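Engineer: Turn this into a structure:
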Amino acid sequence: MTRDQIHAFFAVRKQAWVARDAEALAAGHHVHGTLDSPMFGRREGRDAIRRAYESLFAIFPDWNYQGEDLLIDGDRVAEPFVVDATHVGAFMGFEGTGRKFRIQGVRLFTMEDGLVLHERRMYDFTGLLIQIGVLKGKPAV
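Structural biologist: Below you'll find the model as predicted:
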């Protein structure tokens, strides 16, 4: 993919994030693609990836994903992001708390044939768990 094609691909994904459209987001993944996520573990195949998006939006129905400027190197793409959301659904054995949170992270992609072949998500998972009350913590002094 060219840089312009990659930018166009992620512009379409931005609209799917705004709509919280699990089907459209999953359609951007290769049929045999993989996803590695702190929240959902390893998912293999587009259907399993779609179910992860569906779960995400069920747990956090106001998930507001803000992708930042893409970093592109050939078929590799990095997208820093910020998410604001509210913990509503059951997550890690805890019922929804109604607590709001903000996390930052980066998603790393390998593209193939105009689709995501592999996605690796890295974000402040511990911060998320503290903000929704699953873990207790204090800032360093």
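Engineer: and the helix or strand where Glu79 lies, average pLDDT?
Structural biologist: Assessed by DSSP states H and E, Glu79 sits inside strand 76-86. Average pLDDT, strand 76-86: 98.
Engineer: strands paired with that strand, and their directions?
Structural biologist: Applying DSSP bridges, strand 76-86 is found paired with strand 64-67 (antiparallel), strand 71-73 (antiparallel), strand 100-112 (antiparallel).
Engineer: so what pLDDT did the spatially most central residue of the chain get?
Structural biologist: Closest to where the C-alpha atoms of the chain average out (C-alpha atoms, centre = their mean) is Arg121, at 6.5 Å. Per-residue pLDDT puts Arg121 at 97.
Engineer: what helix or strand is it on?
Structural biologist: Element membership for Arg121 (DSSP H and E) is strand 115-123.
Engineer: got the buried residues for the strand holding Glu79?
Structural biologist: Across strand 76-86, burial judged by 16 or more other C-beta atoms under 10 Å covers 77-79, 81, 83, 85-86. Yep, even glycine has a C-beta here, placed from its N, CA and C like the rest.
Engineer: likewise stretch 22-41?
Structural biologist: Applying 16+ other C-beta under 10 Å to stretch 22-41 flags 22, 24-30, 33-35, 37, 40 as buried.
Engineer: low-scoring stretches of this protein, by residue?
Structural biologist: The model of the chain has no residue with pLDDT under 70.
Engineer: Do I have it right that the residue nearest to the centre of the chain meets Arg42?
Structural biologist: No: the pair Arg121 / Arg42 is not scored as a contact, 11.1 Å apart, by C-beta atoms under 8 Å.
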